[in-house]
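1. Sharing a model that was predicted from the sequence below.
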Amino acid sequence: MNNRMAPPELTGLIEIDEVGTVLYARLENDNERRDLSGLNFFSQLLTFRNVEEFRRRLDEFSKGPDQANSFHFTCDFDDGPVPVRVLVARIRERTNDARTKSLLVHIRKIDEKDNRE
């Protein structure tokens, strides 16, 4: 099993809007409780090489019919891969078209239990 820890910018609960702007963040192991609101999730927070693939996965979910979903993803960092589990849920505006307003993205490091799924 990979014992490498995911960076704190990666693990936790983050709400992003349609273009990736952070609306809310509650990160694991963030003792400073940094305010990340207004930063771009994809270009300013995520530091792995395959960010565009990750963004594509979130875009596909956003355009699909599901209210919530999860998937495994391997973040390709310069010093090696980090497998994570991503839980994602849409938040809708309360309007007639029920358009997706933002996404809740929860990212956590995969542990041994997850590898047995």
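-> Ah, there it is.
2. mind listing what the residue nearest to Ser37 when sequence neighbours are not counted touches?
-> Nearest non-adjacent residue to Ser37, counting by CB to CB, 6 or more residues apart in numbering: Val22, 5.6 Å away. Heads up, the C-betas are built off the backbone N, CA and C, glycines and all. Val22 makes contact with Ile14, Glu15, Ile16, Leu36, Ser37, Gly38, Leu39, Asn40, Phe41, Leu45, according to CB atoms under 8 Å, 6 or more residues apart in numbering.
3. what do you get for Glu53?
-> By CB under 8 Å, 6+ apart, Glu53 has no neighbours at all.
4. what about the closest residue to Asp78 other than its chain neighbours, is that helix, strand or coil?
-> In space, Asp78 comes closest to Arg49 once its chain neighbours are excluded; the distance is 7.1 Å by CB to CB, 6+ apart. Three-state assignment for Arg49 (DSSP: H, G, I helix; E, B strand; the rest coil): coil.
5. circling back to that earlier point, and the residue nearest to Ser37, which of the three is it?
-> Relying on three-state DSSP, one would call Val22 strand.
6. partners of it in the sheet?
-> Ile16 (DSSP bridges).
7. tell me the average confidence for the helix or strand hosting Ile14?
-> Ile14 is part of strand 12-17 when elements are defined by DSSP states H and E. For strand 12-17, mean pLDDT is 94.
8. Equivalent analysis for stretch 26-38, please.
-> 80.
9. Could you check the angle the helix or strand containing Glu60 makes with strand 12-17?
-> Assessed by DSSP H and E, Glu60 sits inside helix 51-63. For helix 51-63 against strand 12-17, the angle by axes from the mean of the first three to the mean of the last three CA atoms, to 10 degrees is 70 degrees.
10. For Ala25, give me its contacts.
-> Contacts of Ala25 by CB under 8 Å, 6+ apart are Gly12, Leu13, Ile14, Glu15, Arg34, Asp35, Leu36, Ser37.
11. right, and Glu15 touches Ile91 too?
-> Yes - assessed by CB atoms under 8 Å, Glu15 is found in contact with Ile91 at 7.3 Å.
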